[in-house]
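> how does the following fold in three dimensions:
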Amino acid sequence: MIVPPFAAECLAHARDAWTAAHEHPFVKELAAGTLSTERFRFYQMQDARYLEAFADGCAVVSSRVVRPDDKIWWLDAAKMALVVEKGLHEGYGRTLGYTLDDIAALELTPNNRAYGDHMVINAHRGSLVEAIAALVPCPWLYVDLGTHLLADFGGAFPAEHPYKAWLDMYADPGFDEYMTRILAYLEQAAAAAGPAERERAKDAFLASVRYEWMFWEQAWTFQRWPV
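Now for the predicted structure:
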């Protein structure tokens, strides 16, 4: 996957947070297969609700781009977040003991609500480059993580790994095409934006990477509202 110049700037801007997200103990135990099912269940259920906000952000971006093919791509991205990932959550729900109704009734954690609001607010109020920059870290970080973990396992996750389905999804080479396209959209939006907009976009990207770390953290600590 070729990283365009502005995406590389965003990544450099968020490098410390990006590295921290890779090194969170939740990720390390997930990769090792030693993560407790309670933590993974907490993560999966919150993630299902997070993806609703991600889909909302993609749908808003589809209304802001001009070309019909671009509108379709963003609508498809929203659909993929809701439909493709739904299958993963249904499968783990049967294993971990939750249903789609349980997910619908779930109270969002403070971190999850803040992350979703961040994406949707940028989609509505920010420039197009800010809107896309706030969405990009989620798929990019997961694909990067999946790729690195697959290499660590020598090219194949063991059949007995308890989280093999999750790892396989994000190590799938098919995501490279998705990432190439979304990074190209980010680059196009950056080229059409002014310097101030591009700086705000880099900050929006950084905030999303920080929220990714916080997403691991909330599952690690079983985050609840304090009052």
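
> residue ranges with poor pLDDT in this structure?
85 (pLDDT under 70).

> one more time with 90, if that's ok
Scanning the chain for pLDDT under 90 picks out the ranges 1-2, 82-101, 103-104, 152-156, 165-177.

> so what's the residue positioned nearest the centre of the chain up against?
Compute the mean C-alpha point of the chain, and by C-alpha atoms, centre = their mean the closest residue is residue 138, 2.2 Å away. Shown in contact with residue 138 (C-beta atoms under 8 Å, 6 or more residues apart in numbering): 54, 208, 212. (C-beta placed from N, C-alpha, C; glycine too.)

> now the first one: how far from residue 62?
Residue 54 sits 13 Å away from residue 62, going by C-beta to C-beta, to the nearest Å.

> any common contacting residues for those two?
In contact with both residue 54 and residue 62: residue 78, using C-beta under 8 Å, 6+ apart.

> give me the more crowded residue out of the two.
Using other C-beta atoms under 10 Å as the criterion, residue 54 and residue 62 rank with residue 54 on top: 24 against 18.

> just give the nearest non-adjacent residue to that one, would you?
residue 81 (5.0 Å; C-beta to C-beta, 6 or more residues apart in numbering).

> element containing that neighbour?
Secondary structure assignment for residue 81, by DSSP states H and E: helix 68-96.

> can you give me the buried ones in that helix?
70-71, 73-75, 77-78, 80-82, 85-86, 88-89, 92-93 (16 or more other C-beta atoms under 10 Å).

> what sits up against stretch 201-210?
For stretch 201-210, using C-beta under 8 Å, 6+ apart, the contacting residues are 6, 9-10, 13-14, 17-18, 21, 115, 118-119, 122, 126-127, 129-130, 132-138, 141, 189-190, 193.

> cool, stretch 175-182 as well?
Looking at stretch 175-182 with C-beta under 8 Å, 6+ apart, the contacting residues turn out to be 1, 2, 73, 77, 80, 132, 135, 136, 139, 140, 143, 146.

> so whichever strand or helix holds residue 50 versus helix 68-96, what angle?
Following DSSP H and E, one finds residue 50 within helix 37-64. Relative orientation of helix 37-64 versus helix 68-96 (axes from the mean of the first three to the mean of the last three C-alpha atoms, to 10 degrees): 170 degrees.
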